[in-house]
Structure formats: structure tokens, C-alpha cells
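[1] Could you look at this predicted model? Sequence included:
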Amino acid sequence: MGFLSLVGNSFGCSASGERLVSAARDGDLQEARALLEYNPRLARFSTFGGRNSPLHYAAAQGHHEIVSLLLESGVEINLRNYRGQTALMQACQYGHWEVVQTLILFNANVHRTDYLNGGTAIHFAALHGHARCLRLVLADYVPSVPNFCTVMDHRSSEEDSAADFDHDALVKMVNQKADGGLTPLHMAALNEHVECVQLLLDLGASVSEVTIEDGTTIDLIGAGSTPLHYAACGGNAVCCQLLIARGACITVQNASGWTPLMVARSWQRNSVEEILSKEPEERIRTLPSPYLCLPLMSIMNIARECGWRYLNQSPVCIDPCAVCLEGSCSVAAEGCKHEFCTRCALYLCSTSYTSASNRLFHHSSWHEPDKRATEKQPFTVILHDVPSRELRFFCPDCRPSVPDGIPVRAHATDGLILLPLAELPEDTGDETEPVVLYGFHGHEPLPHKVLKVRI
């Protein structure tokens, strides 16, 4: 009787586990919560064939709330499937940045490699062109400083804001090699993912790393190939220009004696032949990636310390979040002093952009407002060194006149440094000082919410 009971319980657990897998795959949060409340051990269930756990299915489908639920139920965050892939790798592969953000908050291992190709989560993000996921994976390696691009360019150790910055660890991460010596930059360049190439270069990716012949990978370009060889094979002119601007040599030969130009011709990539034929007469200057200065390290540390889930609270908060008007404020932006709940701050920090996001190369008028911007787009763009009179507000209702001489601190990507409210300096400004209205983009409950800021 005991044996039959054990068998019955085993089949029952298997049936419930399959139900949880289906709920995780389909995004049925209520079903998943009910099953886990009934038996929390179901979070560790895995299918027999692919050994995919409910966490893998939820991550691959982008159901970040179910991912959070499973992690809070005690599931092993770095669990592998039969390919050696973790949930973080699958989220990066399919571009589900909210899942990546959740897994990083729970301290997922970013160094794990898969069994088939030896690739990390960064390789998966670069291979499939998901720059936001790539940036989130590196959140704990990139300090939240507005001048980080300058810090990387000059390797400055004198910057107070970058005192805790481990440059060597970051460079080691972005240049980690998969089987065959492939770096994330090789993969992004081959597949024409311009944003990933730009971000990787800004983060210290080497343009001189070469592939190797290890007998485990099929290299159609040849061993000893640089990222420029791979960009030439991909045929994307912008990728080639970015690599050349960062010092890639157009005459370097791989083990087969092929230059990038020869690779382009062999693959009939006519669009890049002129670029690869001669060195540029003038040094090409590039703008930093719009993802580079997202203040992710700050907000990740705050979220881990203060939490980011809505807790039981009174319907009306004394100081509600300026975006959702529901959560209580635990985070503030330095400079403008907007106050947010941690959840909204996480969203804003992961989705902010500057107006330079669509322009990669430097020209004399890049500081000017983008005339092609849509008037209906509820997003404010403010860049460093832009005179206050030239501020452009995309939301039609946000057009105040700003007197000359008022200092304007960069907002959005270029200067949003987050601090706990307890550490925020008090505002001693006069109540009669002029105000500027800022519109935020991307929050569905209040897509045109306008925030009032004293400068």
C-alpha cells in the first residue's frame, strides 16, 4: 500500500509539474501562483526530454512576473537545461529585457557558459542583437556616472564617481571567448547588430581579438579573424565604420591570408568594399551608445536593498510615486529630484534614451534638437552643454519658456544618478524660481504624465 501511495504521489507531482510548466509557458500567473502555494517544490520540476524547468519556459516566453514568482518560491536561478543554458541565457536570446532585469536583481550568474558553444549570456544577447539585455547583464560592472564614456576612453583613475569601478573585470567580461575564440563583438559584427557593436566597443571590447581553430566549431571565414573580418562577411557598412573608428586595421590578415576586403569580396558584400579599401583620411568620431550611461548599477543596488515589489500599503500614500501614483517613494533622481517608487525607477532606468540614440557618428551640429522628432512623442530629451533656450519638449503640453542662465543638468541617459531618499540633499531653492516641465515616455498607466521640477 505504501508503494502504491508513493507511485500515486509521484504521478500526481508529475501532473502538477506539467501544469506548472504549461502555466509558465502560457503566462498564466494565477494558475502558477495557485500551484506553487499548493506545493512550492513544483518550482524545481523539469521536463524529461529537454530538462527545461518552469523557469526556463517563463524566461524564454518573457513572463517576468512568473519568473519573479518562481524565484521567490526558491527555484535554483542558475539551473541548466540539456544544452547547458540558464534562464538568463534564454531571456537574452529572445530579447526579454524585463526577465533579464529580474534575474540580475536576483543575482543570476552571468559567467555561466552553455555546453554546445561555450557562450555566456552576453554572447546570446550579442548574437541576437539585444543591446538592452546586454547592458542589463553588465549592470553590476558599469558605474552610474554620466561621463562613463570619457572614463573608458582615458582609463582615468582620478574620477571620484568611478572610484569603485573595476575596469579590468568589465573588459574581461565583454571580451570573454566562446568556442573557437569568438567574442561577443565577433557575433554582433557578423549579424549586423549595430547597437550591440556600438555598446560593446564603448564597454571596452577589443577590435584585435582573433578566432582560433579548436576543432569544435565550423569557421567559414577562417581562424585568426578579427571582428572586422566578421563585419565584412556580414556586409554592414556601419558595423565596419564603427570598428575602423575604434582602431581596427583594414589590412590585417587571418590564418588564411585574407584581409577584411578579401572576405567581403568572397561573400559578395559589395556595399562595404569601398570602406575596406583604404584607411579613412580623417579620424572618425563616434557618439556613445544610448545604453551606455543608463544608471543601472545605482538602481539595482537600491532595488536589492529596498525591494521593488508593491507591498501592502494604504491606498493613498503621503508621497506617492510621480509616475504610477501608487507606490511609495524610495528613490529620487539627483539634480531634478523627481521621486519614484523603486519599480518605476527600474523601468525608467532600463528604458531611457538620449536624442543621440539614432546618430552614431559625430558632426558639428549634433547638439541641436532633432528636427525629425515627432511632436506627439511624450519624451523629453536634454543633453549636456545644451543651452536652456534650445530644450525641445516633444509633448505638446510641455513648452515653458526657460530664462537664459539657468543651469540645466542632463536628464534621461546622460545624467540620471539615483540615490535613496535619505541621502538626497535638501532643496533650498526659492519657491518663486521658474520651473521646467518634463514628460516621461513608456509607462502605460500614465503615458503623458507631466512632472514638475524646480531648477
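    Cool, got the structure.
[2] With Gln90 as the reference, measure out to Val75.
    With distances taken as CB to CB, to the nearest Å, Val75 is found 14 Å from Gln90. Where C-beta positions appear, they are placed from N, C-alpha and C, glycine not excepted.
[3] same deal with Leu294?
    23 Å.
[4] In contact with Leu296, which residues?
    Neighbour list for Leu296: 135-136, 139, 142, 144, 349-350 [criterion: CB atoms under 8 Å, 6 or more residues apart in numbering].
[5] Most neighbours out of those, which is it?
    Neighbour counts for the contacts of Leu296, by other CB atoms under 10 Å, peak at Leu136, which reaches 31 neighbours.
[6] now it, what's its secondary structure?
    Taking DSSP: H, G, I helix; E, B strand; the rest coil as the rule, one finds Leu136 in the helix state.
[7] Please report how far it lies from Leu199.
    Distance of Leu136 to Leu199, given as CB to CB: 11 Å.
[8] what do you get for Gly118?
    22 Å.
[9] before we move on, what about Asp179?
    Distance of Asp179 to Leu199, computed by CB to CB: 23 Å.
[10] okay, those two: which has more neighbours?
    Taking neighbours as other CB under 10 Å, Asp179 and Leu199 compare with Leu199 leading, 27 against 17.
[11] what sits against Thr102?
    Thr102 neighbours (CB under 8 Å, 6+ apart): 64, 67-68, 71.
[12] host element of Leu185?
    Assigned by DSSP states H and E, Leu185 belongs to helix 184-190.
[13] On the C-terminal side of that helix, identify the next helix or strand.
    Helix 184-190 is succeeded, C-terminally, by helix 194-202 (DSSP H and E).
[14] helices and strands around whichever helix or strand comes after that next one, which ones?
    Toward the C-terminal end, the helix or strand that comes next after helix 194-202 (DSSP H and E) is helix 227-234. If you count contacts as 3 or more CB pairs under 8 Å, 6 or more residues apart in numbering; DSSP states H and E, helix 227-234 packs onto helix 184-190, helix 237-245, helix 260-266.
[15] CA atoms only for the second one, dumped as PDB, please.
    What follows is helix 237-245, C-alpha atoms only, in PDB (Å, rounded to 0.1, in the frame of the first residue of the first chain):
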ATOM      1  CA  ALA A 237      28.700  49.300 -43.500                       C
ATOM      2  CA  VAL A 238      28.000  50.900 -40.200                       C
ATOM      3  CA  CYS A 239      29.500  48.000 -38.300                       C
ATOM      4  CA  CYS A 240      32.600  48.200 -40.400                       C
ATOM      5  CA  GLN A 241      32.900  52.000 -39.800                       C
ATOM      6  CA  LEU A 242      32.400  51.700 -36.100                       C
ATOM      7  CA  LEU A 243      35.200  49.100 -35.900                       C
ATOM      8  CA  ILE A 244      37.600  51.100 -38.000                       C
ATOM      9  CA  ALA A 245      36.800  54.200 -35.900                       C
END
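[16] Contacts for it, please.
    188-189, 192-194, 197-198, 201, 207, 227-228, 231-232, 250, 260, 271-272, 275-276, 279-280, 283-286, 360-361.
[17] which residues of the stretch 251-400 of the chain fall in strands?
    With DSSP state E, counting those that start in this stretch as the criterion, the stretch 251-400 of the chain has strands at 331-333, 339-340, 380-381, 392-393.
[18] Mind listing what's buried along the helix holding Leu185?
    Using 16 or more other CB atoms under 10 Å as the test for burial, helix 184-190 gives 184-190.
[19] Distance-wise, check the residue nearest to Gln93 when sequence neighbours are not counted relative to His130.
    The shortest distance from Gln93 to any non-neighbouring residue, by CB to CB, 6 or more residues apart in numbering, is to Phe124 (4.5 Å). Remark: distance between Phe124 and His130 (CB to CB) = 8 Å.
[20] intersection of neighbour lists for those two?
    Cys92.
[21] where does Gln328 land on pLDDT?
    Small correction: residue 328 is Ser, not Gln. For Ser328, the pLDDT comes out at 72.
[22] My guess is it contacts Pro320. True?
    Yes: using CB atoms under 8 Å, Ser328 is in contact with Pro320, at 6.8 Å.
[23] domain parsing for this protein?
    As assigned by automatic domain parsing, the chain contains the domains 2-277, 296-454.
[24] got the contact list for Leu292?
    By CB under 8 Å, 6+ apart, the contact list for Leu292 reads 135, 142, 148-149, 199, 202-203, 413.
[25] how many other residues sit next to the closest residue in space to Leu182 that isn't next to it in sequence?
    Leaving aside its chain neighbours, Leu182 sits nearest to Thr211 (6.1 Å; criterion: CB to CB, 6+ apart). The tally of other residues near Thr211 (other CB under 10 Å) stands at 26.
[26] ok, now which ones touch Thr211?
    180-182, 186, 219, 221-225, 254.
[27] Could I have the PyMOL command that selects the buried members from the residues you listed?
    Remark: buried members of the contacts of Thr211, expressed as a PyMOL selection using 16+ other CB under 10 Å:
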select buried, resi 180+181+182+186+219+221+222+223+224+225+254
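[28] got JSON lines for the contacts of Thr211, with pLDDT and distance to Asn107 too?
    What follows is these, written out as JSON lines (pLDDT from 0 to 100; distance: CB to CB, whole Å):
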{"residue": "Gly180", "pLDDT": "92", "distance to Asn107": "30"}
{"residue": "Gly181", "pLDDT": "93", "distance to Asn107": "29"}
{"residue": "Leu182", "pLDDT": "95", "distance to Asn107": "27"}
{"residue": "His186", "pLDDT": "97", "distance to Asn107": "28"}
{"residue": "Asp219", "pLDDT": "72", "distance to Asn107": "35"}
{"residue": "Ile221", "pLDDT": "88", "distance to Asn107": "37"}
{"residue": "Gly222", "pLDDT": "88", "distance to Asn107": "39"}
{"residue": "Ala223", "pLDDT": "91", "distance to Asn107": "37"}
{"residue": "Gly224", "pLDDT": "94", "distance to Asn107": "37"}
{"residue": "Ser225", "pLDDT": "95", "distance to Asn107": "35"}
{"residue": "Asn254", "pLDDT": "94", "distance to Asn107": "39"}
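[29] Which single one of the contacts of Thr211 is nearest to Arg33?
    Leu182 (40.7 Å; CB to CB).
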